[in-house]
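1. Please work out how this folds:
(2 chains)
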2 protein chains.
Amino acid sequence: MTLKCEFLIIGDELLEGRLNDSNGPLLASWAFREGLKLERMTFVSDQETLLEAAIKEALSRADLVLTSGGLGPTADDRTKQVLAKIIKKPLTDSSSAREIVTGHYARLKRAWTDSTNQYHLIPESAIPLFNPEGLAPGLLWQTPTQSLLMFPGVPREFASMLDTHIMPEIKRLAPNLQRKTSLTIRTIGVAEETLFNKIAPNLWEDLEQFGKLSSLPQTMGLDLVLTPQKDEDFLDWSQIVRNYVEQSPLKKFLWQYGERSLGDYLIDLLTVKNQTIAFAESCTGGLVSSMITDLSGASRIFKGSIVCYDNEIKTSLLKVAPKTISDFGAVSEACVQEMAIGARELLKTDYALSLSGIAGPTGGSAQKPVGTLALGWAGPLGVGSELLHFHGERKQLKQRFALKALFKLRELVTESPQV
Amino acid sequence: MTLKCEFLIIGDELLEGRLNDSNGPLLASWAFREGLKLERMTFVSDQETLLEAAIKEALSRADLVLTSGGLGPTADDRTKQVLAKIIKKPLTDSSSAREIVTGHYARLKRAWTDSTNQYHLIPESAIPLFNPEGLAPGLLWQTPTQSLLMFPGVPREFASMLDTHIMPEIKRLAPNLQRKTSLTIRTIGVAEETLFNKIAPNLWEDLEQFGKLSSLPQTMGLDLVLTPQKDEDFLDWSQIVRNYVEQSPLKKFLWQYGERSLGDYLIDLLTVKNQTIAFAESCTGGLVSSMITDLSGASRIFKGSIVCYDNEIKTSLLKVAPKTISDFGAVSEACVQEMAIGARELLKTDYALSLSGIAGPTGGSAQKPVGTLALGWAGPLGVGSELLHFHGERKQLKQRFALKALFKLRELVTESPQV
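-> Numbers count the residues shown, from 1 in each chain, chains lettered A, B, ... in the order given. Purely as a prediction, here's the structure:
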């Protein structure tokens, strides 16, 4: 059986582009894993009439309706007033809500009275939900076949309440719901259109025989995600898919099965080889290092980096010859090779990668336009470099430069003999 | 007059949490600036029946309906088939679509025939839209009082088509629409609830007298955004608001009027003072430096950083005494003070800030739990440090640590005498 789910993300600040939502992506991946069919996710105004209409519509279609936002203490927080109107019940003083709220304030050693805020008032017949990370309780309203769960919009609070409060409703409404699994086939070096129209015109149909296929172009590379249609043994099924892929034109571009990020992949790979890395970052200004250190376990393989935004740092710390910069420019293969050698010696690692490029919007020239990247490396198999070109805005270019460096690192480490 | 707008973001990959959308936030801020009233933004499945229902509903409510996604070459790209069904027209071979497509392929020096892809087939009476950054054309369908515009989902392509293709429809449907302006009052050091319930219980009502108020808690600090209700002279109006704020309890927490990011604010401030900065980053692993270099103009004030993830780099490069680390640990005020002094000397800047902390999920202890940050600085007025505590997951903690360092830098630079 499937359980139809809709999510309403409440707040004019989101529709006016003044705040970015992160609850949507979080809920979407959570719901998918739990086997919920998220049919819609809607950003909706906190104006009462618009919000009321949207909640009623969602309730007319879905078994499980979730909302985030509008439970706070300010005047534009109208979610519970709207719920009261929809279920035609007054806001009443709830002893269980009061208990939650006074408990929070007691723990924080702060005074709370009825006039501090309105958290103790909730629509009659609604159930207050404990919010471990914040002060405003969530709300649950049930019928025998439906549940409406209302969560605060603050991402930390929202995230902390998902499992605890949604799972019991899933179990109540659909006791036999199964968790979903899918196989991700991650490729690099081929564009979606080239792959499906030119290289392998039957690939889509072939893969769809195994299940539902999505094609997801990433910043760099293309992910193909296959989800089995029926209740099959996942391990058997994924072995069959893998066997097909190994014989197909996909094989050439495949770099990984699974959901691991490139960073995690690199950490695992380098940990096994007992090797360490460092970066010399000019144009990316620390982004490559930050991406690696986003991941727990980075300390096993990453020692540090030199962010050499100013050419003075390239020459003083990394020992790039001033003549290299004056002859070829800082964005040159000669310069990044010296940067990589310098960083590897200074930080005493097995590999050092170096980046110098033009992220724009200024600084480009006819010969070296915005988007030019000089990428260098020094490792157990020697020194090398490439001059590359990318498209995009400044932040996108930084992202692409950084990802390219990590994919190059993967290539170098895969080629190098095991220590 | 107002123009009601809805945006549909199409694709199961978004509803299944396998891809993050960035078109929504982009469109939302664009629409707000242009004076469009974005009433809903809906993530919807690419399954034909669900998509058809969602588009019809949006058309029943809004003057301007925009979509992104589902125009690509793969089998799950069904947007134009659904449009054909809604407007009850067949897909036909369009000479103008054909012209766009063959033009793209000619520029790329690649062959295109009718069987390469279906980009030349569009619903009869729809108008193909030039896509400067990709191959799939967008689609426009008009009635005298409505426009439906369908864009590709690839963020770069979507962004490149907004102005060119939406503006003429806005002008056609609402020639007198006015661009919006608003005033952002940015504060630091006060929580939303404390401000509105405790410190200034009348603040919300007072500010609402000037216009529509939103309260936007940021990762650090709270932004209050005021939009004038009527067509007033914006400069006069904002001067009146500022005068109020200067007399109000808000004054104490105000750090900026306007939308400038903290990074841009710092770049402007330091540029005026002709001062430079550097960072010594352990736990943030390059994030602070990357945040500063996300901004054009960073090179005026930022020279470089040492990412000293491994303690060996702290002692070898930054000259932290090994005894400091063995006596107090790397996450200590003593250590970050030495890191800051070392980085300031090595990189020859006016200021150096240093961060060493525990981003988790492992590495915490009872005395120094996950979320602990030692923040140090060295500058024209001397050396200092603080030991701080934050909540969150690893990436959130890195963000909070980094923002805290930038706010501290603002404090130091504001206090220091002008050079």
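
2. which non-adjacent residue is nearest A:Ile306?
-> In space, and not counting its chain neighbours, A:Ile306 is closest to A:Ala280: 5.1 Å by Cβ to Cβ, 6 or more residues apart in numbering or on different chains. Placement of C-beta: from N, CA and C, glycine included.

3. Confirm that the one you found lies within a strand, as I assumed.
-> Yes: the assignment for A:Ala280 (DSSP: H, G, I helix; E, B strand; the rest coil) places it in a strand.

4. Tell me who's in contact with it.
-> A:305-306, A:308, A:314, A:318, A:336, A:339-340, A:342-343, A:352-355, A:376 (Cβ atoms under 8 Å, 6 or more residues apart in numbering or on different chains).

5. A:Ala106 too?
-> A:Ala106 makes contact with A:Trp112, according to Cβ under 8 Å, 6+ apart.

6. before we move on, what about A:Gly342?
-> Residues counted as contacts of A:Gly342 (Cβ under 8 Å, 6+ apart) are A:Ala280, A:Ile306, A:Lys314, A:Leu317, A:Leu318, A:Lys319, A:Val320, A:Ala352.

7. of the residues you listed, closest to B:Gln209?
-> If you rank the contacts of A:Gly342 by distance to B:Gln209 using Cβ to Cβ, A:Ile306 comes first, at 53.7 Å.

8. Residues in a beta bridge with that closest one, which ones?
-> In this entry, A:Ile306 is beta-bridged to A:Ala280, B:Ile306, by DSSP bridges.

9. in the stretch 51-200 of chain A, which spans are helices?
-> A:79-86, A:95-107, A:155-173, A:192-193 (DSSP state H, counting those that start in this stretch).

10. ranking those helices by burial, who's on top?
-> Each of those was scored by mean neighbour count; the highest is helix A:79-86, a mean of 21, by mean count of other Cβ atoms under 10 Å in any protein chain shown.

11. near chain B, anything from that one?
-> No: for helix A:79-86, no contact with chain B is found by Cβ under 8 Å from any Cβ of the partner chain; the gap never falls below 14.9 Å.

12. Also stretch A:123-131?
-> No: against chain B, stretch A:123-131 shows no contacts by Cβ under 8 Å from any Cβ, the least distance being 13.1 Å.

13. Quick one: end-to-end length of that stretch, please.
-> 17 Å (Cα to Cα, to the nearest Å).

14. what residues does that stretch touch?
-> Outside stretch A:123-131, the residues within contact range by Cβ under 8 Å, 6+ apart are A:80, A:83-84, A:87, A:89-92, A:94, A:96-97, A:100, A:122, A:137-142, A:149, A:151-152, A:157, A:160-161, A:164-165.

15. roughly how far is stretch A:321-337 from the heart of the chain?
-> Distance, stretch centre to chain centre, for stretch A:321-337: 36 Å (Cα atoms, centre = their mean, to the nearest Å).

16. Find the nearest non-adjacent residue to A:Leu51, please.
-> Excluding the flanking residues, the one nearest A:Leu51 by Cβ to Cβ, 6+ apart is A:Val82, at 4.9 Å.

17. avg pLDDT for the helix or strand where A:Leu235 lies?
-> Assigned by DSSP states H and E, A:Leu235 falls within helix A:234-247. Mean per-residue pLDDT for helix A:234-247: 92.

18. which residues are contacting it?
-> The contact list for helix A:234-247, computed with Cβ under 8 Å, 6+ apart, reads A:Thr181, A:Leu183, A:Ile185, A:Asp206, A:Leu207, A:Phe210, A:Gly211, A:Leu226, A:Pro228, A:Lys251, A:Leu254, A:Tyr257.

19. Just give me the neighbour total for the second one.
-> To tie it back to what came earlier, the one meant is A:Leu183. For A:Leu183, the count of nearby residues is 21 (other Cβ atoms under 10 Å in any protein chain shown).

20. tell me which strands and helices the longest helix anywhere in chain A is in contact with?
-> Longest helix in chain A, counting residues (DSSP state H): helix A:394-415. Packing partners of helix A:394-415 (3 or more Cβ pairs under 8 Å, 6 or more residues apart in numbering or on different chains; DSSP states H and E): helix A:262-273, helix A:287-293, strand A:351-357, strand A:372-379.

21. What residues sit buried inside that helix?
-> A:394, A:396-410, A:412-413 (16 or more other Cβ atoms under 10 Å in any protein chain shown).

22. And for stretch A:243-262?
-> A:Tyr244, A:Val245, A:Ser248, A:Leu250, A:Phe253, A:Leu254, A:Trp255, A:Gln256, A:Leu262.

23. can you check stretch A:235-244 too?
-> A:Trp237, A:Ser238, A:Val241, A:Tyr244.

24. ditto for stretch A:30-50
-> Within stretch A:30-50, the residues that count as buried by 16+ other Cβ under 10 Å are A:30-32, A:34-46, A:50.

25. cool, stretch A:302-318 as well?
-> Across stretch A:302-318, burial judged by 16+ other Cβ under 10 Å covers A:302-311, A:313-315, A:317-318.

26. Regarding that stretch, how distant is the last residue from the first?
-> 18 Å.

27. Quick one: distance of it to the chain centre.
-> The chain centroid and the centroid of stretch A:302-318 are separated by 29 Å under Cα atoms, centre = their mean.

28. picking that back up, the helix holding A:Leu235: what's the following helix or strand?
-> Next along the chain after helix A:234-247, taking DSSP H and E as the criterion, comes strand A:254-257.

29. okay, that next one in PDB with CA atoms only?
-> What follows is strand A:254-257, C-alpha atoms only, in PDB (Å, rounded to 0.1, in the frame of the first residue of the first chain):
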ATOM      1  CA  LEU A 254      30.900   4.800 -14.100                       C
ATOM      2  CA  TRP A 255      32.800   6.000 -11.000                       C
ATOM      3  CA  GLN A 256      30.700   4.600  -8.200                       C
ATOM      4  CA  TYR A 257      27.600   2.600  -7.300                       C
END
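
30. No further questions, thank you.
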